[in-house]
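Q: Quick check, what structure comes out for this input:
(one chain, ligands or ions: 3)
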Amino acid sequence: MKFNINPGNHSTEGLRVIPFLENDLKEIQKEKLGEFPIDESLFSAKKDSSYAYSAAGELRLLIGLEKKPDYLDIENAFRRILSKNQHLIKEHLVLDFPKNFPDEYLEAALTGLLLGNYHLDFFKKERKKEFSSLEIDLILPNPIETKLIDRARKIATAKIEAFKLVDLPPNKITPDSLSDWAENLGNKLNIKVQVFDRERAKTENLEAFLAVGRGSSKEPRFIILEYRHPEAKKHIGLVGKGVTFDTGGLNVKTQSMHEMKSDMGGAAAVLAAAQLIADLQLPIHLTTIVPAVENAIDKDAYLPSEVIGSHAGLSIEVIDTDAEGRLILADALSYLVKNYKTDHLIDFATLTGSAIGTFGYECAALFSNNETLSKQLQEAGMEVGEKSWPLPIWESYAREMDSEIADIKNYHGKPMAGAITAAKFLQAFTHDHPSWAHLDIAGVSFRDSEFAKTKSGTAYGVGLLMKFIENQIEHQ
Ligand code: BES
Ligand code: ZN
Ligand code: ZN
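A: Ligands and ions are numbered 1, 2, ... in the order given. The predicted structure is shown next:
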């Protein structure tokens with residue numbers, strides 16, 4: 001797609017899209033619609049509203065953005081343009097922004113527009129039309145930096161990568177294909193990538209990680225990405241759960257197993273975020289680890305009641321093979337702390353059904369031993385429409401994970417406090433890192449939306465991490 005900023009004589013063939021903020025309804029009417037205003041009873045710029053009509057020889061689409069839209073509302077409103085109005089669009093599109101449309105709204109709008117090109121129909125004989133050669137005239141009454149367009153493109157590209165990683169099925173997204181993805185990124189954007197296979201993982205004592213991968217014919221991959229910037233003042237460590245399919249293992253899942261292709265949503269978030277940070281060349285050091293495995297079943301699969309080792313040296317009693325995410329994360333967190341000195345350590349994981357029970361599909365469960373970090377993550381997420389809310393990690397919860405036979409067990413076996421006890425389990429492997437946070441994104445990384453008939457990837461975490469890191473840089 002090609003953007004033309006304020007072209008002299010823009011073509012009015014095709015569709016003209018005019019976004020409206022509710023408070024400025026009258027002014028925008030005057031500014032944009034001239035002698036053909038639309039009656040307020042037909043269109044009043046309410047959230048998610050739109051109105052299409054033809055006038056003055058052109059097709060117009062008015063879109064309502066309410067009074068104070070949040071980032072995601074704007075992104076979604078603009079994503080609708082290409083994803084839902086394919087029949088209205090030919091080779092040309094005019095985005096006619098009103099005066100004083102804020103820059104951050106513009107970023108969300110352009111990102112959303114580009115996301116509209118994403119469709120889930122990967123394996124259909126006839127795929128939906130992609131608007132790759134679409135020309136877009138941007139009418140911008142206030143001067144903008146062209147950087148903004150470039151930035152929106154990079155954000156959208158990273159989010160689409162995150163969508164794909166989650167939406168593609170587990171015969172396409174495997175531990176091996178995730179490591180290929182990372183190596184590919186490394187070649188493109190100058191990121192150092194290391195991948196440990198089973199043998200190398202053994203020599204690195206990643207025993208909990210290897211135990212989970214034992215039941216699958218697909219080799220596990222422990223993926224490490226190092227992005228370095230010469231002007232960096234801070235180093236952030238990221239970990240993302242990369243279970244490319246979660247059958248539950250021998251504690252086999254009996255419900256909605258097909259949705260477990262999304263159990264690498266944490267990996268998708270941190271990988272796409274690493275792509276975006278590197279693409280934007282943000283002055284920070286970023287080390288990202290993705291332990292990638294398939295939790296499958298065969299004669300070698302790990303057994304409930306097995307006692308396994310871990311990178312941190314703690315022995316773990318496996319009560320439930322479906323609590324596999326915390327095992328691979330335990331090794332990744334421990335490896336990161338022992339091998340890199342980071343200011344903050346943040347993990348993203350589709351870890352528990354309990355996080356969905358608590359917060360539904362609205363917000364992630366946020367856990368941290370550092371109040372400043374917790375607030376900063378929460379605020380960064382709010383700025384981009386990726387909500388999270390804190391839950392406690394008091395020491396009393398850790399007692400639930402005490403094992404009789406080993407140092408710790410992976411499940412307390414009770415239908416209560418599932419997300420919190422999982423977070424306490426993870427914390428035991430962070431070697432007391434003073435600034436650690438865990439986001440349980442089970443509900444928010446793969447969910448129903450207006451853009452697909454099934455649940456689909458949301459790229460939750462990509463915007464949040466970009467904002468969090470940009471805020472870190474601003475205050476360093
Ligand atoms: N991947 C699941 C968590 C999950 C559930 C993510 C629903 C997205 C939607 C995780 O590995 C799991 O199976 N968790 C169990 C843990 C239990 C066995 C201790 C859960 O939450 O039920
Ligand atoms: Zn599981
Ligand atoms: Zn899982």
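Q: quick one: contacts for the residue of the stretch 351-476 of the chain found nearest ligand 3?
A: For the stretch 351-476 of the chain, the residue closest to ligand 3 is Leu351, as judged by Cβ to the ion, at 7.0 Å. Using the backbone N, CA and C atoms, a C-beta is placed for each residue, glycine as well. By Cβ atoms under 8 Å, 6 or more residues apart in numbering, the contact set of Leu351 is Lys241, Gly266, Gly325, Arg326, Leu329, Ala419, Ala422, His438, Asp440, Ile441, Ala442.
Q: Turn those into a markdown table, including distance to Leu134 and pLDDT.
A: Below are those laid out as a markdown table (distance: Cβ to Cβ, whole Å; pLDDT from 0 to 100):
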| residue | distance to Leu134 | pLDDT |
| --- | --- | --- |
| Lys241 | 36 | 99 |
| Gly266 | 33 | 99 |
| Gly325 | 40 | 99 |
| Arg326 | 45 | 99 |
| Leu329 | 41 | 99 |
| Ala419 | 43 | 98 |
| Ala422 | 45 | 99 |
| His438 | 41 | 99 |
| Asp440 | 38 | 99 |
| Ile441 | 32 | 99 |
| Ala442 | 36 | 98 |
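Q: Would you reformat those residues as TSV and include secondary structure?
A: Formatted as TSV, those follow (DSSP: H, G, I helix; E, B strand; the rest coil):
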residue	secondary structure
Lys241	coil
Gly266	helix
Gly325	helix
Arg326	helix
Leu329	helix
Ala419	helix
Ala422	helix
His438	strand
Asp440	strand
Ile441	coil
Ala442	coil
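Q: Cross-check the residues you listed against ligand 1 and keep the overlap.
A: With Cβ under 6 Å from any ligand atom as the criterion, these include Gly325, Ala442 near ligand 1.
Q: For ligand 2, state which of the contacts of Leu351 is nearest.
A: So of the contacts of Leu351, ranked by how close each gets to ligand 2 (Cβ to the ion), first place is Gly325, at 6.1 Å.
Q: Could I get the phi/psi values of Ile18?
A: phi -130, psi 110 (degrees, to the nearest 10).
Q: surely it meets Pro98?
A: Yes. Between Ile18 and Pro98 there is a contact under Cβ atoms under 8 Å: 7.5 Å.
Q: overlap in contacts of these two?
A: With contacts taken as Cβ under 8 Å, 6+ apart, Ile18 and Pro98 have Ile28, Lys32 as neighbours in common.
Q: what does the stretch 101-250 of the chain put close to ligand 1?
A: Asp246.
Q: isn't His431 right up against Ser334?
A: Yes. His431 lies in contact with Ser334 (Cβ under 8 Å); the separation is 6.6 Å.
Q: Common neighbours of the two, please.
A: Ala312.
Q: Can you tell me the SS state at the residue of the stretch 351-476 of the chain closest to ligand 3?
A: coil.
Q: ok so, going back, more neighbours, His431 and Ser334?
A: Ser334 (25 against 13; other Cβ atoms under 10 Å).
Q: Mind telling me what element the more buried one is part of?
A: Assigned by DSSP states H and E, Ser334 belongs to helix 325-339.
Q: hmm, that helix touching ligand 3?
A: Yes. Contact of helix 325-339 with ligand 3 (Cβ under 5 Å from the ion) involves Gly325.
Q: ok, and does that helix reach over to ligand 2?
A: No. If you take Cβ under 5 Å from the ion as the test, helix 325-339 misses ligand 2, and the best it gets is 6.1 Å.
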